[in-house]
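Participant: The following block contains a protein sequence and its predicted model.
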Amino acid sequence: MAYTLAHTGLTTITFNTASVVTGYNIDMDGANVGPKQLPMWEELPNYAGGANVQVNVQRGRLIPVSIPLIVKGTSVSDLDTKLGALWTMVAACTYASPGTLTWDATGNFDIVASAQPDVIERNPLFQLRYIARFVLVLTRKPS
């Protein structure tokens, strides 16, 4: 099973789904890549007799993706480096230059935006076991 996030010019991040936590791990119980969806838009009538005008095409089409992640490092600095690589990848994904989320047999999705968690608590799990838990929220184009 392959679960990856890639963008041109950056190192591909491979997500692990095994029970042993190493690197970037997905908690599959809460993972949701969103439904297949047909393009949506609003149409404004053209009273001059031409074709109707489509508006809000891009915003109406975007689908939220939520991936509960567990990121494990070998030290606090290694964990910070892994999180930094993930944030760099996520920030690079734009509508003009989308990233690619490969989700096993479901297929590939164009990732166009994301939200970084406001705070990742530096609790004993973070400080002593080098683990960060959070939900990665991405936005994708319809498949």
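Facilitator: Looks like it came in fine.
Participant: what's the first-to-last distance across stretch 15-22?
Facilitator: End-to-end span of stretch 15-22 (Cα to Cα, to the nearest Å): 9 Å.
Participant: if I look at residue 100, how far off is residue 29?
Facilitator: According to Cβ to Cβ, to the nearest Å, residue 100 stands 24 Å off from residue 29. Just so you know, the C-beta spots here come from the backbone N, C-alpha and C atoms, and that holds for glycine as well.
Participant: Ok, residue 102 next?
Facilitator: 20 Å.
Participant: In terms of packing, which of those two has more residues around it?
Facilitator: Using other Cβ atoms under 10 Å as the criterion, residue 102 and residue 29 rank with residue 102 on top: 17 against 6.
Participant: Centre of the chain to the helix or strand that one falls within, how far?
Facilitator: In this assignment (DSSP states H and E), residue 102 forms part of strand 99-103. A distance of 8 Å separates the centroid of the chain from that of strand 99-103, by Cα atoms, centre = their mean, to the nearest Å.
Participant: do stretch 25-44 as well
Facilitator: Worked out by Cα atoms, centre = their mean, stretch 25-44 lies 11 Å from the chain centre.
Participant: Likewise for stretch 123-138?
Facilitator: For stretch 123-138, the separation from the chain centroid amounts to 17 Å (computed by Cα atoms, centre = their mean).
Participant: what are the ranges of the strands in the chain?
Facilitator: Here the chain has its strands, by DSSP state E, at 3-6, 13-16, 23-26, 42-44, 53-55, 63-72, 99-103, 107-115, 131-140.
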